[in-house]
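Participant: Need coordinates for the below:
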Amino acid sequence: MIDIPEYEGIYKYDNELNQVFSIKTNRYLKNTLNVNSLQVTLFKNGKKKKYTVRNLVYMCNPIENKNLVAILDYDNYKFDTELLQVYNLKTNLYLKSGLDMHGYYTVSLYKNGKSQKYGLHQLVYIINNPTEDLIGFDIDHIDNDRANNKIENLRKATRSDNCSNTKTQKNNKLGLKYIHKIKNGYYKFKLVKNKIVYSKNFKTIEETIEYRNIKVREICGEFANLG
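Facilitator: Predicted structure coming up:
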C-alpha cells in the first residue's frame, strides 16, 4: 500500500486491489460505478471529494516526465513541451484544450480561486521566453495555422503586425489582398498600417499587383502576407 497525496495518515491506496484503505476504520472503501468509471469518496477535515480510481492510480504512481516545465506564477501546473499541453499537478491529469471563436486552442488556469484563459500558443511562447515582456503584444503564427503551436512557428508581434500576417478576407471579390475594383474600371490598392493609410489607384490589375507586392513588403517587413 502507498500513501495518497494530501491524505497521508488517513488513507492508503492498494495497487493490487485498486481500492482505498481507510487507516481509521481499518477497512477498504467500496468503489462505486458512475458513467462507466469506478469512483470512491474520500473525507478530510469534514469535507468530501470524489475521485475516479484511474485518477488515484496517477496520483499515487506519478510518472517522471522530463518534458514538464514550470509555468510562471502557476505552481499547480506544468507545461509538456513535447505534447504542447498543460499538466495539472494536483489532479495528475492533462487539461483539455478548447477551440475559441477565433480558432485558437485555449485552456483555463486557476490561481487563488480565479481563472485565467490562455492560448496554447501564448503558453508555448512564454515558457520559451520567460523573461520577455509581452504586455501589449500578440503572439503570431508565422504560417497562419493556429493549430501549429510549435515554438518555431511563433513570434512576438504588435497587434498591427499580427493583422498584417493574415489571409485574404472572404468578402474580397477579386481574391487579392489589399486590392479592390472601383468605379471606371480602375483598381485600388489600400493598406492600413499603424493607423496610416496607404492607397493608390491603377488602370490595370497587373500594375496594381506589382505595386502591392513591393509596397506591402516595404511597409510590413517580415510580417508581409500577400494572401
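Participant: ok, Tyr74 - contacts?
Facilitator: 109, 111 (CB atoms under 8 Å, 6 or more residues apart in numbering). (C-beta placed from N, C-alpha, C; glycine too.)
Participant: ok, longest helix in the protein?
Facilitator: helix 205-220 (DSSP state H).
Participant: Alpha carbons only: can I get that one in PDB?
Facilitator: Extracted in PDB, the C-alpha atoms of helix 205-220 (Å, rounded to 0.1, in the frame of the first residue of the first chain):
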ATOM      1  CA  ILE A 205      -4.800  44.700 -62.300                       C
ATOM      2  CA  GLU A 206      -1.200  43.800 -63.300                       C
ATOM      3  CA  GLU A 207       0.100  47.200 -62.300                       C
ATOM      4  CA  THR A 208      -1.800  47.100 -59.000                       C
ATOM      5  CA  ILE A 209      -0.500  43.600 -58.100                       C
ATOM      6  CA  GLU A 210       3.100  44.700 -58.900                       C
ATOM      7  CA  TYR A 211       2.800  47.800 -56.800                       C
ATOM      8  CA  ARG A 212       1.100  46.000 -53.900                       C
ATOM      9  CA  ASN A 213       3.800  43.300 -53.800                       C
ATOM     10  CA  ILE A 214       6.600  45.900 -53.500                       C
ATOM     11  CA  LYS A 215       4.700  48.200 -51.100                       C
ATOM     12  CA  VAL A 216       3.400  45.500 -48.700                       C
ATOM     13  CA  ARG A 217       6.900  44.100 -48.200                       C
ATOM     14  CA  GLU A 218       8.300  47.500 -47.700                       C
ATOM     15  CA  ILE A 219       5.800  48.500 -45.100                       C
ATOM     16  CA  CYS A 220       5.100  45.200 -43.300                       C
END
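Participant: Break this structure into its domains for me.
Facilitator: Domain assignment for the chain, taken from automatic domain parsing, gives 2-60, 68-157, 160-223.
Participant: Can you get me the start-to-end distance on the longest one?
Facilitator: End-to-end distance for domain 68-157, by CA to CA, to the nearest Å: 26 Å.
Participant: start at 146 instead
Facilitator: Sure thing, new numbering starts at 146, so read that last one as domain 213-302.
Participant: returning to that earlier point: mean pLDDT for the domains of the chain - can I get that in a markdown table?
Facilitator: As requested, the domains of the chain are exported to a markdown table (pLDDT from 0 to 100):
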| stretch | mean pLDDT |
| --- | --- |
| domain 147-205 | 90 |
| domain 213-302 | 94 |
| domain 305-368 | 95 |
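Participant: quick revisit: what's the longest helix of the chain packed up against?
Facilitator: With contacts defined as 3 or more CB pairs under 8 Å, 6 or more residues apart in numbering; DSSP states H and E, helix 350-365 has these neighbours: helix 304-309, strand 324-326, strand 332-338, strand 341-347.
Participant: Quick one: work out the angle between that helix and strand 332-338.
Facilitator: Inter-element angle recorded for helix 350-365 and strand 332-338: 10 degrees (by axes from the mean of the first three to the mean of the last three CA atoms, to 10 degrees).
Participant: which of the residues in helix 350-365 are buried?
Facilitator: 353-354, 356-357, 360-361, 365 (16 or more other CB atoms under 10 Å).
Participant: Need the phi and psi values for the most far-flung residue of the chain relative to its centre.
Facilitator: No residue in the chain sits farther from the centre than Asn329, which is 47.8 Å out by CA atoms, centre = their mean. When read as degrees, to the nearest 10, the backbone of Asn329 gives phi 70, psi 20.
Participant: Please consider this matter closed, and thank you.
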